[in-house]
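> Please find the sequence and the predicted model below.
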Amino acid sequence: MSDEELNIMTHDGERHFPALRHYHRYEATAYSDLVQLADYLLTVAKNDHFVDFGSGLMRVPIAIHHLLGIKTTGIELNKALYLASCQNIEQYRQTFHPATDKAHFQVRAINLNVLDYQFDGSESMLFFFNPFSGELFRTIIHRFLSSYPYKRRAFVILYYAKHEYIDILEQFGLFTEIHRIELAGIKDDPDDVIVIYQIG
C-alpha cells in the first residue's frame, strides 16, 4: 500500500508542518505497519468507529477505511495539516467511492483541539501515535470512559507504544492487553511495537 495507490499525499508533512506547543511533531505512520495492524483488526472489526488522535494528513484513517471498510475520523489541531488532509480525503473519495457524496462519506477530518472533542459513544477504536503528552492522553482516556457504553467492547491502539501511555492505561484498571505487533524498525528499540488494549 502507498500514497500513490490511495491517490493521496502524506509523505511530505514532516518537512512542511512544524510542531505545535504541547503536541509532538507530525510523523507519518508506515504503510507496512498499517497493513499488519489491519490484518489483526480484521479478526475483531464489526461496525466500528476508528478515531485517530493527531491524524496529520489522514494516512491512517484513509488506509484503515480502505482496508477494513469501517467509519474513520481524524482529529488534527494544526490548521495547515487539516486543510491538506481534507484534500486527501476528497481525492480518495473520488477515486474509490465516487458514488458517495461528501456528506455521507465515512471518512472525515476534524480541525479541533483533542480536549474539545465530544465523544458520542460510537467510538470503538482509538488510535494514538504519541501525538501529545501523557497528561493529555490521560485526559482523553478519562473523557472516553465517561461516554463509553460499557455493554460494548472497544480498543485502544498504541502505535510505537511509549511506556508512559502503557502505564496510564494500566492505572485505569479497565483495559486488558490483547495483542502486540512487533515492528521491523530500529533494532533493539523496545518502543517499536503496536500494543492493542481492549475494554468490555
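Great, that's in hand.
> so what secondary structure elements neighbour the biggest helix by length in the chain?
Ordering each helix of the chain by length in residues (DSSP state H) puts helix 79-96 first. Judged by 3 or more CB pairs under 8 Å, 6 or more residues apart in numbering; DSSP states H and E, helix 79-96 is in contact with helix 3-6, helix 13-16, helix 59-68, strand 71-76, strand 107-111. Quick note: C-beta positions are derived from backbone N, CA and C, even for glycine.
> can you redo those as TSV with mean pLDDT?
Formatted as TSV, these follow (pLDDT from 0 to 100):
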stretch	mean pLDDT
helix 3-6	94
helix 13-16	49
helix 59-68	97
strand 71-76	96
strand 107-111	97
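> How far off centre is stretch 46-59?
The chain centre lies 4 Å from the centre of stretch 46-59; the measure is CA atoms, centre = their mean, to the nearest Å.
> now the end-to-end length of it.
Terminal residues of stretch 46-59 are spaced 21 Å apart (CA to CA, to the nearest Å).
> Now do the buried residues in that stretch.
Within stretch 46-59, the residues that count as buried by 16 or more other CB atoms under 10 Å are 48, 49, 50, 51, 52, 53, 54, 55, 56, 57, 58, 59.
> Now, these that are in strands?
Among the buried residues of stretch 46-59, DSSP state E puts 49, 50, 51, 52, 53 in strands.
> I appreciate the help and will end here.
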